[in-house]
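> Structure for this input, please:
(one chain, ligands or ions: 1)
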Amino acid sequence: MVNLENWFFNYNFWSFSKHRLWNLCKRYYYYRYIGTALKKSPNFDIYKVKRLKDLNSKYALQGFLIHEIIENQIEYYCNGIELNEEGAKSQFTQRLDQYRKTAPDILTEFYNGVPLDDAFFNTIHEEGLEKLKNFFGVIWPQFKELEYLKHEDFDKFKIEDVEVIVKVDYVCKTKNDLIVITDWKTGADYEEYENGLQIGTYVLWVMQYYQKYPSQIRSEIAYLKTGTIRPYEFTWENLVTIKEKIIEDYTMMNRSYEIENYPTNSAPAKCISCQFGTICPDSKIREFLGEF
Ligand code: SF4
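Model (predicted):
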C-alpha cells in the first residue's frame, strides 16, 4: 500500500512540464513527482530522491537563466525603471559563472559523471548574450506599447475536475482589448504538437481568468534565437482536443502510485540527463560514459 504525504494531494495538478516528463520516461516521472512524496519506500532512499530532484539539466541552464533575467527586468519595468540590456547581460555572465564553478553538484549531466567542459559554458555564454540582444533590440520594442497585465505567475485553473497550473511568460493587452500571451523560447522551433499543447493550455487559462473567447486572445511564441514571433491560432475543436488530452494524461498519471506501474524507458542520451540516473536500476549512464 502506497503511503503519500498529504502535500502530494495539494500539488497534484496537471502541468505541461509533467506532461513532457510523463512522455519521456514514466519512471523518471515517478521518482520526480511520486517518489519525493512517499512516506517510506523499500525501493530507494527518499531523502536522496529529494536531493536529486533539485539538479538541473545543463541543456536547460541557458533558458532558465535567460528567463530569470528577463523576469527581473520586467519586474523593474513594472516599477517604472527602464530595461537595462547591459545590466542584464552582465547578470547573465555572473550567474553563468556561479553555475560553472559548482556544476558537478548542481547540473545533472556533470553530477552523473560527464567531465566538465569549458567549451560548453563558453558556447552557451556567447549564444545567451546574443539572445538577450534579440530580446532587448527586436522583441521587447514590440511589447512596450501594450498594456502590461502580468508575467511569470503561477496560475491555477480547472478543466472539469483536473487542476491545471500554468506559468505564462508575459501577458498584456492591446488597445482593442485583445489579450496577448507570449512565451519566450530560447530553443529552436521544432516541436509542433508540444508547442500547440503548451500554448493552447495558456489560451484555456485566459478564457477562464479573463472571461474571453479564443477570438479575443492572441497567443504566440517569441524565439530569442532569431527574434521572430510565431503566432498560434486555436479553433474551438483544437481547444476541446487539448482539454481531452489533459484529462486523459491526468487520469493515466493517477491510476496507480505503485512503482511497478511506472516502467523505465532507458536510452544513454536520455538517462545521462535524468536527475535519477544514479539510482535508477535501468539507468544507461554507464553506457553513455563508455564504462561497461
Ligand atoms: S535513468 Fe533513464 S530509465 Fe531510469 S528513470 Fe531516468 S530516464 Fe528513466
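> Now the worst-scoring helix or strand of the chain on mean pLDDT: buried residues?
Sorted by mean pLDDT, DSSP states H and E, the helices and strands of the chain end with helix 192-209, the least confident at a mean of 90. Buried residues in helix 192-209, counting neighbours by 16 or more other CB atoms under 10 Å, are found at 195-207, 209. Any C-beta I mention is one placed from the backbone N, CA and C, and that applies to glycine too.
> Now do the contacts for the spatially closest residue to residue 148 that is not a sequence neighbour.
Excluding its sequence neighbours, the residue lying closest to residue 148 (CB to CB, 6 or more residues apart in numbering) is residue 172, at 5.4 Å. If you count contacts by CB atoms under 8 Å, 6 or more residues apart in numbering, residue 172 has them with 143, 146-149, 179-180, 182.
> so residue 222, which of the three states?
strand (DSSP: H, G, I helix; E, B strand; the rest coil).
> Okay, it and residue 116: tell me how far apart.
32 Å (CB to CB, to the nearest Å).
> Pick out whichever of these two has more residues nearby.
Using other CB atoms under 10 Å, the more surrounded residue of residue 222 and residue 116 is residue 222, with 22 against 11.
> Does whichever strand or helix holds residue 29 reach the ligand?
In the assignment (DSSP states H and E), residue 29 maps to helix 26-29. Yes. Helix 26-29 lies within reach of the ligand by CB under 6 Å from any ligand atom, at 27-28.
> Doesn't the residue nearest to residue 148 lie inside a strand?
Yes. Under three-state DSSP, residue 172 falls within a strand.
> residue ranges for the strands of the stretch 151-292 of the chain, please.
Using DSSP state E, counting those that start in this stretch, the strands of the stretch 151-292 of the chain run over residues 154-159, 162-167, 170-173, 179-185, 217-223, 228-232.
> Render the CA-only coordinates of the last one in CSV, please.
To tie it back to what came earlier, the one meant is strand 228-232. Taking C-alpha atoms only, strand 228-232 is exported to CSV below (Å, rounded to 0.1, in the frame of the first residue of the first chain):
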residue,chain,number,x,y,z
THR,A,228,10.9,36.1,-34.7
ILE,A,229,7.5,35.8,-33.2
ARG,A,230,5.3,32.9,-34.2
PRO,A,231,1.5,33.3,-33.8
TYR,A,232,-0.7,30.3,-32.8
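> coming back round to it: could you export the strands of the stretch 151-292 of the chain to a markdown table, including columns for mean pLDDT?
Below are these laid out as a markdown table (pLDDT from 0 to 100):
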| stretch | mean pLDDT |
| --- | --- |
| strand 154-159 | 97 |
| strand 162-167 | 97 |
| strand 170-173 | 97 |
| strand 179-185 | 96 |
| strand 217-223 | 96 |
| strand 228-232 | 94 |
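> Can you name the residues of the stretch 1-150 of the chain that neighbour the ligand?
25, 27-28.
> Tell me the buried residues within those residues.
By 16+ other CB under 10 Å, those give 25, 27-28 as buried.
> will you turn these into TSV that also has pLDDT?
Shown next, in TSV, are those (pLDDT from 0 to 100):
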residue	pLDDT
25	98
27	98
28	98
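> among the buried residues of helix 192-209, which two are most distant?
Greatest spatial distance among the buried residues of helix 192-209 (CB to CB): 195 and 209, at 20.8 Å.
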